[in-house]
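# when you get a sec, could you give me coordinates for this:
(one chain, ligands or ions: 1)
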Amino acid sequence: MTAMADVTKATTRINRRPAIADAGEVAPKAATPEAAPVKVLENAGYCSCCRNQTVFVAYDSWLRDHYLCTRCGSVPRQRHLQSVLDESFSGWTDLVVHESSPSNDFIARLCSDYSSSQYFPDVPRGAFKDGVRSEDVEALTFADESIDLFITQDVLEHVFNPDRAIREIHRVLKPGGAHVFTAPKHRGLDVSRRRARLGADGVVDHLLPEEYHGNPIGDNKALVTWDYGYDFEQLMSEWAGAEVQAHHRRDRGRGLDAEFNEVFVIRKPHTTVVPTRWEPPRGRRAALGQLRPALGHIKRSLVEVARPNRSAD
Ligand SMILES: [Zn+2]
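Predicted coordinates:
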């Protein structure tokens, strides 16, 4: 039985304002069908998605979905994620990158070793549908330690078992690799809460009124399974067994200003090196043999200390 319903596991835009009130949120304008669009924001800047000087414009105060780059159409969280990649992962476009449930090719078109997948409930994991790989982020088919950067944009609020998803992503990451992701973290919500769970019979049990976001595949509906709150990083960190970095940035020169615009990074630690057991050398000759290289190194070091500018002579 599949681990999730077909309305889940998809990159989404939060195309409805959340039910949870966010302190400081700009009150949405009353929309009437006749009203001409009113420009609420316009400024020049640099877009990390199309890597161009551009103009950012918003015709709606809900900036998360409406503060657009006029050249590529990107929204703030996409630009923020790519600016974090640029600033934190030098040469990332040449790494092995996998993106789960992308809704665009902003990252794909920059990378030399990129793959992506969508959740198709009717396609076996690892198989392809119309050229798109089917994957369940709670049970990936990738080999252990095979991916440098695993990217999810607004996916984790749509999985039934984000703990499993986080652990799976960390299984497939190479040591030193990272999961870079966005997910809405609600201000005003102290403890993250599950909105829906999947019963053993495969039927979705709604613990809270159903809420959906847009979905790039299927019927365009992605069920929200979790609302994340203040404890989000703590939860993620416990599930991953690694530290979570949260990036916050408001910089209109980069088109970064929106609700829920954090980018999170969890790096997989490098494998701990376990030293092999030291065996004492046998006999005087063997002991001298082991000491000789060390003595040579010390002698060279002393010479360098005594003559620091030798190469400039
Ligand atoms: Zn752009």
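# contacts, neighbours, all on C-alpha from now
Noted.
# mind checking what secondary structure the residue of the stretch 51-200 of the chain found nearest the ion has?
Using Cα to the ion, C72 is the residue of the stretch 51-200 of the chain that sits closest to the ion, at 4.1 Å. Three-state call for C72 (DSSP: H, G, I helix; E, B strand; the rest coil): coil.
# that one and S48 touch, don't they?
No: assessed by Cα atoms under 8 Å, C72 is found out of contact with S48, at 10.2 Å.
# quick check, pLDDT for P280.
Note for P280: predicted pLDDT of 58.
# contacts only, for V191.
228-231 (Cα atoms under 8 Å, 6 or more residues apart in numbering).
# pipe these into CSV and attach neighbour count per row.
Output for the contacts of V191, formatted as CSV (neighbours: other Cα atoms under 10 Å):
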residue, neighbour count
Y228, 22
G229, 18
Y230, 15
D231, 14
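# next, format those as a markdown table and append pLDDT, distance to L95 and secondary structure.
Listed next are those as a markdown table, based on pLDDT from 0 to 100; distance: Cα to Cα, whole Å; DSSP: H, G, I helix; E, B strand; the rest coil:
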| residue | pLDDT | distance to L95 | secondary structure |
| --- | --- | --- | --- |
| Y228 | 97 | 30 | strand |
| G229 | 96 | 32 | coil |
| Y230 | 95 | 32 | coil |
| D231 | 96 | 31 | coil |
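# just the CA trace of stretch 125-138, in CSV.
What follows is stretch 125-138, C-alpha atoms only, in CSV (Å, rounded to 0.1, in the frame of the first residue of the first chain):
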residue,chain,number,x,y,z
ARG,A,125,8.6,4.2,-7.4
GLY,A,126,11.7,4.6,-9.6
ALA,A,127,9.6,4.1,-12.8
PHE,A,128,8.9,6.9,-15.2
LYS,A,129,5.6,8.5,-16.4
ASP,A,130,5.9,10.7,-19.5
GLY,A,131,9.6,11.0,-18.8
VAL,A,132,9.2,12.1,-15.2
ARG,A,133,10.5,9.8,-12.4
SER,A,134,8.1,8.6,-9.8
GLU,A,135,9.4,8.8,-6.2
ASP,A,136,7.8,8.8,-2.8
VAL,A,137,9.9,11.0,-0.6
GLU,A,138,9.1,8.8,2.4
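# tell me who's in contact with the residue nearest the centre of the chain.
With the centre of the chain defined as its mean C-alpha position, the nearest residue by Cα atoms, centre = their mean is F181, 1.8 Å away. By Cα under 8 Å, 6+ apart, the residues touching F181 are 81, 151-154, 263-265.
# for the residue of the stretch 51-200 of the chain closest to the ion, which non-adjacent residue is closest in space?
C50 (6.1 Å; Cα to Cα, 6 or more residues apart in numbering).
# and the one you found, how close does it get to the ion?
4 Å (Cα to the ion, to the nearest Å).
# pull the contacting residues for Y67.
Counted by Cα under 8 Å, 6+ apart, Y67 has contacts 41, 56-60, 75-76, 255, 258.
# now with 7 Å, please.
By Cα atoms under 7 Å, 6 or more residues apart in numbering, the contact list for Y67 reads 56-58, 75-76.
# surely R193 is in contact with V224?
No: counting by Cα atoms under 7 Å, R193 sits too far from V224 to count as a contact (10.9 Å).
# show me which residues of the chain are close to the ion?
47, 50, 69, 71-72 (Cα under 5 Å from the ion).
# 6 Å instead, please
47, 49-50, 69, 71-72, 74 (Cα under 6 Å from the ion).
# what residues does D163 make contact with?
W239.
# and it, how far is that from F232?
When distance is defined by Cα to Cα, to the nearest Å, D163 is 12 Å away from F232.
# okay, now the unreliable bits of the stretch 201-313 of the chain?
Filtered on pLDDT under 70, the stretch 201-313 of the chain yields the residue ranges 271-313.
# mind redoing it with 90?
202, 213-222, 270-313 (pLDDT under 90).
# longest single strand anywhere in this protein?
strand 173-182 (DSSP state E).
# buried residues, that strand. List them.
Counting neighbours by 16 or more other Cα atoms under 10 Å, one finds that the buried residues in strand 173-182 are 173-175, 177-182.
# widest-spaced pair of the residues you listed?
Using Cα to Cα, these reach their maximum pairwise distance at P175 and T182, which is 21.4 Å.
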